[in-house]
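[1] okay, predicted coordinates and the sequence, questions at the end:
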Amino acid sequence: MAAGVLKSFVLSFTFVVACAAQPSFLLPDDVIPTKHVIELTIDPDKDTFSGRARIDVELKKSTSTIWLNAKDITPGEASVGSRSARAEAAGDEFIGLRLDAPAGPGRTTISIAYRGKLDEKAIVGPYRKKSGDDWYVFTSFTPIDARRAFPCFDEPRFKTPWEMTIHVKRSDKAFANGQIVSETEEPDGMKAVRFATTKPLPAEVVAFAVGPFDIYDGEKAGQGTPIRVITAKGHAAEGKTAAQSTVEVLPRLEAYTGIPYPFGKLDHLAVPEFPFGATENPGLIVYRNRALLASPGDDTPEKAHAIRGLQAHEIGHQWFGDLVTQATWNDVWLSEGFATWFSAKVMDEEQAGAREHLASVAARERIMATDASPRTRPVRLPMTSREDTKGVYSQMVYQKGAAILLMLDNWLGEDKFQNALRAYLKRHAFGTATTEDLETAIRTSTGTDPTAVMDSFLNQTGIPVIRGAVKCGGETPSLEIEQINPAHQWTIPVCWRSDGSAPAQCTVLKTSKTAISLPRGSHCPAWLYVNARATGYYRTEWTAEQLNALPLNQLTPAERLMLVYDLRALKDRLNVSDLLGKLGGDAEPEISKAASEAMLSK
């Protein structure tokens, strides 16, 4: 009877622990991974694969249950240190490792054998696709699907080195984030491909690929990084333009950050089907075929420019997202917003100086349309479920995040902002960061606290509207700037210029209205433009008198384009047909097209 009671107690205790301790979404903080070692056996002709994960961890306290992320994985034998453990799938996102007696605190190693599947229909996790007569295996892990390939700690805050070995057919090639350090023949026509240990990475940007690939070897780029383009069999020549694009783009990114490309080799992998245009896996960036490759008939200057623009975004991630990773999915803008802004900045180097910011203004206008609609959402948004993460890559994160960075860059000064970002990258290199960490880096480096501005635009939706006026009745002229739609209280960096101000000057509008006294003896400005360089994330309202005084030929093309967009958005407040007609004849096609569309919409 005593034995039966004891057995019942143990079963009840196990049941209680399992129910009470299973995470709802995020893993507990009491187990911290320090390294993932993954061994896989993959044959692209088969729809399943096998693997073993060994994870070095730090147990913060004594525990009998360790939770890992895993999805569509069948666990086998497992151990924690020298002791056997029971590996049990729990819910749809986790595996629990059960020990008969508590382990920790301290360091130990988790080991789990398992089997997984290679999906042919869904392009998520590890999946396989056919190109020609051959099967290939690819991966798509962002944001939370590395757990389909191996049990792991699948959150961005858990960055560790990754060591990978893949067993494949001798006729196949294997690629991963790290360099190949050895290939060893094995029985039954197999070989083991072992890769160098990576720098610390979050699971979502770990990647691998297996199949009979071809390789285009490009020139080394930047400060000596080897460049390759990996394609399906027979398509290597189509990678020439992509390889040359990296030679042109990478040095610009290194020059801005002041940090050489941080991940050794750089492979570009072309895949037939992919859920995104590309993903920034360090050392193994993945792209859709049509976005990366250029056949002889498609190898045009326009195609090359598009490839450079896409690479500028993905390679830009190597610093913003990979070198420094957002600590949580709430702050994905620190990755995607930065890569969007950074790529636009370096691609502007290919434009004549007068065309600076034209592409950014046009992109910002598109996201402003969303931000002014019921479909809007804040840039920063908590993620508490897999369902939530379906919106983690909202265009608000990319485009509004980039627009906010453009505004900060102009307000703080490009040199100061660059120095602040360099300090941020060095301070958090190979680690994680939050929005608050970025604000601290900017404040420390520039002497200006951006917190109120950044929080105002990152955490609220909508678009502030301002207007400016010249006041010249007294002895000293002044400018008056005010918010006119205080549904929210915005803290707005307003940069302005007039016929009496060169270069532009900036002020922070913290209340509904502010007055700026011009220096004693200043003449009364004949005109005022309160979105200098067209970098502010706000609308400007105009009076007919102000518009008549505005010298269009003294505005930059970006400022004229912003003027068109503001007039179109606020067109119900005054008749602007004549001015739009003049702008419709602008030499810049973007301005002419926008003005024509604005006139048609009246």
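    Structure received. Small disclaimer: the values here were computed from a predicted structure and weren't measured.

[2] so Gly468 touches Thr540, yeah?
    Yes - contact between Gly468 and Thr540 holds when scored by C-beta atoms under 8 Å: they sit 7.3 Å apart. Backbone N, C-alpha and C define where each C-beta goes, glycine included.

[3] give the residues shared as contacts by these two.
    Val530 (C-beta atoms under 8 Å, 6 or more residues apart in numbering).

[4] could you list the low-pLDDT ranges of the chain?
    For the chain, residues meeting the criterion pLDDT under 70 lie at 1-20, 486, 500-502, 521, 572-574, 602.

[5] in the helix or strand hosting Glu314, which residues are buried?
    For Glu314, the enclosing helix or strand under DSSP states H and E is helix 301-316. Of the residues in helix 301-316, those scored as buried under the neighbour-count criterion (16 or more other C-beta atoms under 10 Å) are 303-304, 307-316.

[6] nearest to Lys571, of the residues you listed?
    When the buried residues of helix 301-316 are ranked by distance to Lys571 (C-beta to C-beta), Gly309 comes first, at 31.7 Å.

[7] contact partners for the closest one?
    For Gly309, the contact set (C-beta under 8 Å, 6+ apart) comprises 343, 347.

[8] can you rerun that using 6 Å?
    Applying C-beta atoms under 6 Å, 6 or more residues apart in numbering to Gly309 gives the contacts Met347.

[9] measure it to Leu458 for me?
    Using C-beta to C-beta, to the nearest Å, we find Gly309 at a distance of 25 Å from Leu458.

[10] kindly report the same for Leu438.
    Leu438 is 10 Å from Leu458, by C-beta to C-beta.

[11] more crowded one of these two?
    Using other C-beta atoms under 10 Å, the more surrounded residue of Leu438 and Leu458 is Leu438, with 25 against 20.

[12] how about the nearest residue to that one, chain neighbours excluded?
    Computed as C-beta to C-beta, 6 or more residues apart in numbering, the closest residue to Leu438 that is not its neighbour in sequence is Tyr424, at 5.8 Å.

[13] hang on, the one you found packs against Ala441?
    Yes - assessed by C-beta atoms under 6 Å, Tyr424 is found in contact with Ala441 at 3.8 Å.

[14] what helix or strand is the closest residue to Ala304 other than its chain neighbours on?
    Excluding its sequence neighbours, the residue lying closest to Ala304 (C-beta to C-beta, 6+ apart) is Thr241, at 5.3 Å. According to DSSP H and E, Thr241 maps onto helix 240-257.

[15] quick check: what element follows that helix along the chain?
    Moving toward the C-terminus from helix 240-257, the first helix or strand encountered (DSSP H and E) is strand 266-271.

[16] pull up the pairing partners for that next one, direction included.
    Using DSSP bridges, the strands paired with strand 266-271 in its sheet are strand 227-231 (parallel), strand 284-288 (parallel).

[17] which strand or helix spans the closest residue to Ser601 other than its chain neighbours?
    Among residues not flanking Ser601 along the chain, Arg568 sits closest, at 6.5 Å (C-beta to C-beta, 6+ apart). Secondary-structure assignment from DSSP H and E places Arg568 in helix 557-569.

[18] tell me the secondary structure for the residue nearest the centre of the chain?
    To find the centre residue of the chain, average its C-alpha atoms and take the closest one (C-alpha atoms, centre = their mean): that gives Glu336, at 2.3 Å. Glu336 carries the three-state label helix when classified by DSSP: H, G, I helix; E, B strand; the rest coil.

[19] can you show me the helices along the stretch 501-602 of the chain?
    Counting by DSSP state H, counting those that start in this stretch, residue ranges of the helices within the stretch 501-602 of the chain are 544-549, 557-569, 577-583, 589-600.

[20] which segments of this structure make up each domain?
    What automatic domain parsing lists as the domains of the chain is 27-316, 326-459, 464-521, 542-602.

[21] what about Lys71, how many neighbours?
    For Lys71, the neighbour count with other C-beta under 10 Å is 22.

[22] and it, which of the three is it?
    For Lys71, the assignment made with three-state DSSP gives coil.

[23] so who does it touch?
    When contacts are taken as C-beta under 6 Å, 6+ apart, Lys71 is in contact with 93, 147-148.

[24] what about those residues, which are in helices?
    Using DSSP state H, no member of the contacts of Lys71 falls within helices.

[25] any of those buried? List them.
    When the contacts of Lys71 are checked for burial by 16+ other C-beta under 10 Å, the buried set is 93, 147-148.

[26] distance to Thr370 added to the residues you listed, as CSV?
    CSV is the format used below for the buried ones among the contacts of Lys71 (distance: C-beta to C-beta, whole Å):
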residue, distance to Thr370
Glu93, 31
Arg147, 31
Arg148, 31
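
[27] what's the closest of these to Thr74?
    Within the buried ones among the contacts of Lys71, distances to Thr74 taken as C-beta to C-beta reach their minimum at Arg148, with 12.0 Å.

[28] the closest one and Asn69, how far apart?
    Relative to Asn69, Arg148 is positioned 9 Å away (C-beta to C-beta).

[29] cool, and Gly413?
    Taking C-beta to C-beta as the criterion, Gly413 is separated from Asn69 by 43 Å.

[30] and if you look at Gln395?
    From Gln395 to Asn69 the distance is 27 Å (C-beta to C-beta).

[31] what about those two, which has more around it?
    When Gln395 and Asn69 are compared on other C-beta under 10 Å, the one with more neighbours turns out to be Asn69, at 24 against 17.

[32] dump the residue contacts of the more buried one.
    147, 152, 154.

[33] how about a cut-off of 10 Å?
    Listed by C-beta atoms under 10 Å, 6 or more residues apart in numbering, the contact partners of Asn69 are 23, 26-27, 93-95, 144-148, 150-155, 158, 203.

[34] do the same with Tyr136
    Residues near Tyr136 by C-beta under 10 Å, 6+ apart: 44, 127-130, 172-173, 209-213, 232-233, 269, 271-272.

[35] mind checking which of these are in strands?
    For the contacts of Tyr136, membership in strands holds for 127-130, 173, 209-211, 269, 271, with DSSP state E as the criterion.

[36] which one of those residues sits in the busiest neighbourhood?
    Ranked by the number of neighbours (other C-beta under 10 Å), these place Val210 first, at 28 neighbours.

[37] the residue nearest to that one when sequence neighbours are not counted pairs with what?
    The shortest distance from Val210 to any residue that is not its chain neighbour, by C-beta to C-beta, 6+ apart, is 4.3 Å, and that residue is Val137. Beta-bridge pairing of Val137 under DSSP bridges involves Arg128, Val210.

[38] what sits against Val137?
    Val137 makes contact with 40, 42-46, 49, 118, 126-129, 166, 168, 172, 174, 208-211 under the criterion C-beta under 10 Å, 6+ apart.

[39] show me which of those residues are buried.
    The neighbour-count test (16+ other C-beta under 10 Å) marks 40, 42-44, 49, 118, 126-129, 166, 168, 172, 174, 208-211 as buried among those.

[40] neighbours around Phe195, how many?
    As a measure of burial, Phe195 has 22 neighbours, counting by other C-beta under 10 Å.

[41] just checking, it touches Ala176?
    Yes - Phe195 sits in contact with Ala176 when judged by C-beta atoms under 10 Å, with a separation of 4.6 Å.

[42] what residues are shared contacts of Leu438 and Leu458?
    With C-beta under 10 Å, 6+ apart, Leu438 and Leu458 have common neighbours 331, 333.

[43] contact partners for Asp45?
    Contacts for Asp45 (C-beta under 10 Å, 6+ apart) come out as 118, 128, 130, 134-135, 137, 169, 172.

[44] can you tell me the closest non-neighbouring residue to Ala306?
    Of all residues beyond its chain neighbours, the one nearest Ala306 is Ala291 (7.9 Å), with distances taken as C-beta to C-beta, 6+ apart.

[45] right, I'll leave it there.
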